[in-house]
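Trainee: Sequence first, predicted model second:
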Amino acid sequence: MPRSSTATERRRPLPNADAVPDHGASILPAVRVTSYNLALRAGDGYLGDRANKRAFYRCLDQWRAVARLGGDDPFGVEDSSALGRKALERAYDGRDARPAATVQGAIESFANALADVATTFLVRVWPGVQRIAVGGGFRRGRIGEVAIARTQALLRARGVEIGLVPIADHPDAAGLLGGVHLLPQAALAESDALLAVDIGGSNLRCGLLRLRHAKDDDALAPRPKLAALERWRHRDEPVGRDAMIDTMARMLERLIAEAAQRRWRLARHVVVGCPGQIAADGGIGRGTQNLPGDWSAPAFHLPSALQRRLPRIGRARTQVLMHNDAVVQGLSQLRLMRDIERWAILTIGTGLGNAAFENVAVATAARRR
């Protein structure tokens, strides 16, 4: 069985609750990250390749070929991957039955593949996981929601008792909102807002999070709201790694100016979700193949590269804290997962991200019973 990339030790003592964790930490203020960025093999390839956006378009290609046996292609000659989400949803909800049936066939095939992937994760590396959230760009819109619901039905039909739910927040927001849970409350106590970055295989998002503090000691108390969003689809442009970081810094500078205009006190940390295996020193291991350039090069250090490009926040030097993007997106679900001991997330986008979590308080109470 593959070990988790975090190699969490179940009996490892919790750190100082007020200490800022390392990059890619397995022990966070509210949860343990029991695994993430697992690269499971399946046949001659990787399991994740069976349930990402490319896999959905392969399913659509297959059903378009079936439709052509009885007449013209319902989508003309355009390549499936060039069909945008909105065009597919118009076809799915439209009056013409042939394109709607073709999309429905793709949904069914993809749901079967996603059910296979989820089952394999549960059997091989996620024992005891009770609920799986599904996020990523594919979750956005009607087709993604139907595919997730159909996957849940297929799992139940197979006798797999697991809750499979779409993430509650919009995918553009979830990968930013979860970043607040990388930091302890003490690091945010004097702040009104926090800067967050979500680096994806197709899109770069930077957000200004408005913090709403509760009056208790709940580790989930800093309740963020996405107050401003900067979004850039880098996959459509021939951009390199360093140019992408330059753009990231400019996006954050605009959000810093917006926070100043609103008279919000910014936290000194910028939280970043990035694909790949994140080392404690901020290095990035395998998993960045969908990003432009070499993000895993030994000489490259994303937190330092971004910090050098950013101004000070107040009187403090800006600090970057980074974790895997699927972990950060999963953390956005914390309030909806607090009643169960173990849960996980699959993020369907350019690739298939994964992460699993243990709610420390629930697990401790269960062991005491």
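Mentor: Yep, it's here.
Trainee: Tell me where the stretch 1-150 of the chain has strands.
Mentor: 31-36, 41-42, 45-46, 131-135 (DSSP state E, counting those that start in this stretch).
Trainee: Rounded mean pLDDT for the second one, please.
Mentor: Just to be clear, that refers to strand 41-42. Averaged over strand 41-42, pLDDT sits at 90.
Trainee: could you dump the strands of the stretch 1-150 of the chain to TSV with distance to Gly71 and mean neighbour count?
Mentor: Backbone N, C-alpha and C define where each C-beta goes, glycine included. Output for these, formatted as TSV (distance: least, C-beta to C-beta, whole Å; neighbours: other C-beta atoms under 10 Å):
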stretch	distance to Gly71	mean neighbour count
strand 31-36	46	24
strand 41-42	35	11
strand 45-46	34	12
strand 131-135	34	24
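Trainee: can you list those in JSON lines and add distance to Lys86?
Mentor: Listed next are those as JSON lines, based on distance: least, C-beta to C-beta, whole Å:
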{"stretch": "strand 31-36", "distance to Lys86": "31"}
{"stretch": "strand 41-42", "distance to Lys86": "32"}
{"stretch": "strand 45-46", "distance to Lys86": "30"}
{"stretch": "strand 131-135", "distance to Lys86": "20"}
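Trainee: For stretch 158-167, C-alpha coordinates in CSV please.
Mentor: Only the C-alpha atoms of stretch 158-167 are listed here, as CSV (Å, rounded to 0.1, in the frame of the first residue of the first chain):
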residue,chain,number,x,y,z
ARG,A,158,-22.4,-1.4,-5.6
GLY,A,159,-22.8,-1.6,-1.8
VAL,A,160,-20.2,1.1,-1.1
GLU,A,161,-21.6,3.0,1.8
ILE,A,162,-19.9,6.4,1.5
GLY,A,163,-21.2,9.9,1.3
LEU,A,164,-20.1,11.7,-1.9
VAL,A,165,-21.0,15.4,-2.0
PRO,A,166,-20.0,18.4,-4.2
ILE,A,167,-18.0,21.0,-2.3
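Trainee: Name the residues of that stretch that come out as buried.
Mentor: For stretch 158-167, a neighbour-count test (16 or more other C-beta atoms under 10 Å) marks 162, 164-167 as buried.
Trainee: Surely Glu230 forms part of a strand?
Mentor: Yes - according to DSSP: H, G, I helix; E, B strand; the rest coil, Glu230 belongs to a strand.
Trainee: before we move on, back to that, any idea which of the buried residues of stretch 158-167 is closest to Arg309?
Mentor: Closest approach between the buried residues of stretch 158-167 and Arg309, by C-beta to C-beta: Ile167, at 30.2 Å.
Trainee: And stretch 20-40, end to end?
Mentor: Start and end residues of stretch 20-40 are separated by 31 Å (C-alpha to C-alpha, to the nearest Å).
Trainee: What of stretch 68-81?
Mentor: Span of stretch 68-81 from end to end, C-alpha to C-alpha: 18 Å.
Trainee: and if you look at stretch 189-197?
Mentor: 21 Å.
Trainee: repeat for stretch 154-166
Mentor: So stretch 154-166: terminal residues 15 Å apart, C-alpha to C-alpha.
Trainee: and it, how far from the chain's centre?
Mentor: 21 Å (C-alpha atoms, centre = their mean, to the nearest Å).
Trainee: Check the model's average confidence along stretch 340-353 for me.
Mentor: The model assigns stretch 340-353 a mean pLDDT of 95.
Trainee: err, stretch 235-249, not the other one
Mentor: For stretch 235-249, the mean per-residue pLDDT is 93.
Trainee: Residues touching it, excluding its own?
Mentor: Identification of contacts with stretch 235-249 by C-beta atoms under 8 Å, 6 or more residues apart in numbering yields 197, 199, 201-204, 206, 232, 234, 291-295, 300, 302, 305-306, 309-310, 350.
Trainee: Mind listing what's buried along it?
Mentor: 239, 241, 244-245, 247-249.
Trainee: Go through the buried residues of stretch 158-167 and name the one nearest Ala91.
Mentor: Nearest member of these to Ala91, counting by C-beta to C-beta, is Pro166, at 21.3 Å.
Trainee: hey, what's the closest one bridged with?
Mentor: With DSSP bridges as the criterion, Pro166 is bridged to Val134.
Trainee: so it makes contact with Ala133?
Mentor: Yes - between Pro166 and Ala133 there is a contact under C-beta atoms under 8 Å: 7.3 Å.
Trainee: Inside helices: which ones of the buried residues of stretch 235-249?
Mentor: 241, 244-245, 247-249 (DSSP state H).
Trainee: Before I go, just wanted to say thanks for your time.
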